[in-house]
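>>> heads up, no residue letters with this:
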């Protein structure tokens, strides 16, 4: 029996599946590099946009909970 990955406000403090945690970390690291480049090149709009997208993406991945604690996102397809 496969358990589904739980999504919701109550899942914020629970363990995040590895797949979603890696996605959030990648968003945050790429947006940090883009923000640095945009500040250097004086593209303020791009710096704010990249910072917002990266931070929001990392924050939103915390709403996915790994119900069985194995670090795998169990999603039925």
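Done, it's in. What you see is a predicted model, and the numbers here were worked out from it, not measured in a lab.
>>> so where is the chain shaky, pLDDT-wise?
Low-confidence segments of the chain, defined by pLDDT under 70: 1-4, 68-77.
>>> what's the longest helix in the protein?
helix 18-40 (DSSP state H).
>>> show me what it is packed against.
Applying 3 or more Cβ pairs under 8 Å, 6 or more residues apart in numbering; DSSP states H and E, we find helix 18-40 packed against helix 44-61. C-beta here means a position set from N, CA and C on the backbone, and glycine is covered the same way.
>>> who are the packing partners of the helix it packs on?
Applying 3+ Cβ pairs under 8 Å, 6+ apart, one finds that helix 44-61 contacts helix 18-40.
>>> residues contacting the helix it packs on, please?
5, 16, 44, 46-47, 50-51, 53-55, 57-62, 64, 71-73 (Cβ atoms under 8 Å, 6 or more residues apart in numbering).
>>> try it again with 6 Å
For helix 18-40, contacts defined as Cβ atoms under 6 Å, 6 or more residues apart in numbering pick out 46, 47, 50, 51, 53, 54, 57, 58, 61, 64, 71, 73.
>>> now the residue most central in space within the chain: how far from residue 39?
Taking Cα atoms, centre = their mean, the centroid of the chain lies closest to residue 24, which sits 2.4 Å from it. Distance, residue 24 to residue 39, by Cβ to Cβ, to the nearest Å: 22 Å.
>>> cool, residue 49 as well?
Remark: distance between residue 49 and residue 39 (Cβ to Cβ) = 12 Å.
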